[in-house]
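K.L.:
mind folding the following:
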Amino acid sequence: MTDTGPAGEGEGAPDGLLGWCLVANVARETAHGESALDIQHGTKHFRAGALLWLPPVRWDPGWGRWPAVGRHRGNSRRYVRMIVRAEDLENFRVKGVYSEALVRSLNGYDHDPAAPRTLQNPWTRERAQSWADGQNSDREPLFIEGHPYAHPRITVPNPPPEEIQIDGETLHLAHYGTRGARYSRTPPPVEWTPEP
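P.N.:
Numbers count the residues shown, from 1 in each chain. Down below sits the predicted model:
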């Protein structure tokens, strides 16, 4: 999905397209805590559903993390630049950049005041769309109890199976939500039913 018009940039936005950017929304549910079973709405800095602009990565912020620009949960008037977990994002797509304030935030330390409408490290529309398509796959990420990040090589179908075998070990479905399937080594409790 590609958006082509200026959306939500407020009054005073420049008329012309300044570039393309990969964007995503903060997930409705984000997993935190031990075994990632503490489900929260949004993140500490961004509310659920917040639009985040994702500039191309020029340095490695850590596995499964992205630099992102968005409007902070506490001050929705200004853009802030932060590192976010990729697993906290959903609905990847391409949007046009129309705001000089957004260009300034996307550029970060590389921003040139002499060229305030120039993205220093721009996405091409095709490259951004390719990344968005790759992130919006139909398979669900798999999380294993005790590991805070998704398994890098394994995904499961939607809906996920109750049990899976990984490296000879049986894992049991512990939680399934919008952010993927979470498996535990401990089998689920057996429901007690009274005998007649």
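K.L.:
show me the longest helix that occurs in this structure.
P.N.:
helix 125-135 (DSSP state H).
K.L.:
checking my notes, Arg77 in a helix, right?
P.N.:
No: secondary structure of Arg77 (DSSP: H, G, I helix; E, B strand; the rest coil): coil, not part of a helix.
K.L.:
that one contacts Ala101, correct?
P.N.:
No: with contact defined as CB atoms under 8 Å, Arg77 and Ala101 do not form a contacting pair (10.0 Å). All C-beta spots, glycine's among them, are computed from the backbone N, C-alpha and C.
K.L.:
these two: who's more crowded?
P.N.:
Taking neighbours as other CB atoms under 10 Å, Arg77 and Ala101 compare with Ala101 leading, 16 against 8.
K.L.:
distance check, that one against Tyr176.
P.N.:
In this view, Ala101 and Tyr176 are 39 Å apart by CB to CB, to the nearest Å.
K.L.:
check whether the closest residue to Ala48 other than its chain neighbours sits in a helix, strand or coil.
P.N.:
Leaving out its chain neighbours, the residue that sits closest to Ala48 by CB to CB, 6 or more residues apart in numbering is Gly42, at 3.8 Å. Three-state call for Gly42 (three-state DSSP): coil.
K.L.:
wait, Gly42 touches Leu52, no?
P.N.:
No: the criterion here is CB under 8 Å, and Gly42 misses it with Leu52 at 11.1 Å.
K.L.:
more neighbours, those two?
P.N.:
Leu52 (22 against 18).
K.L.:
look up how far Glu90 lies from the more buried one.
P.N.:
10 Å.
K.L.:
do the same with Pro122
P.N.:
Pro122 sits at a distance of 24 Å from Glu90 (criterion: CB to CB).
K.L.:
for Pro141, same thing?
P.N.:
Noted for Pro141: a distance of 11 Å to Glu90, by CB to CB.
K.L.:
report the set of residues contacting both of Leu52 and Glu90.
P.N.:
24-26 (CB atoms under 8 Å, 6 or more residues apart in numbering).
K.L.:
do a quick rundown of the strands in the chain.
P.N.:
Here the chain has its strands, by DSSP state E, at 19-26, 30-32, 38-40, 51-54, 65-71, 79-85, 89-97, 140-144, 155-156, 163-166, 169-177, 180-184.
K.L.:
could you dump those strands into JSON lines with mean pLDDT and distance to Pro113 added?
P.N.:
JSON lines is the format used below for the strands of the chain (pLDDT from 0 to 100; distance: least, CB to CB, whole Å):
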{"stretch": "strand 19-26", "mean pLDDT": "92", "distance to Pro113": "17"}
{"stretch": "strand 30-32", "mean pLDDT": "70", "distance to Pro113": "36"}
{"stretch": "strand 38-40", "mean pLDDT": "71", "distance to Pro113": "38"}
{"stretch": "strand 51-54", "mean pLDDT": "93", "distance to Pro113": "20"}
{"stretch": "strand 65-71", "mean pLDDT": "90", "distance to Pro113": "18"}
{"stretch": "strand 79-85", "mean pLDDT": "89", "distance to Pro113": "16"}
{"stretch": "strand 89-97", "mean pLDDT": "90", "distance to Pro113": "17"}
{"stretch": "strand 140-144", "mean pLDDT": "73", "distance to Pro113": "41"}
{"stretch": "strand 155-156", "mean pLDDT": "74", "distance to Pro113": "44"}
{"stretch": "strand 163-166", "mean pLDDT": "84", "distance to Pro113": "52"}
{"stretch": "strand 169-177", "mean pLDDT": "84", "distance to Pro113": "44"}
{"stretch": "strand 180-184", "mean pLDDT": "83", "distance to Pro113": "42"}
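K.L.:
perfect, I'm done here.
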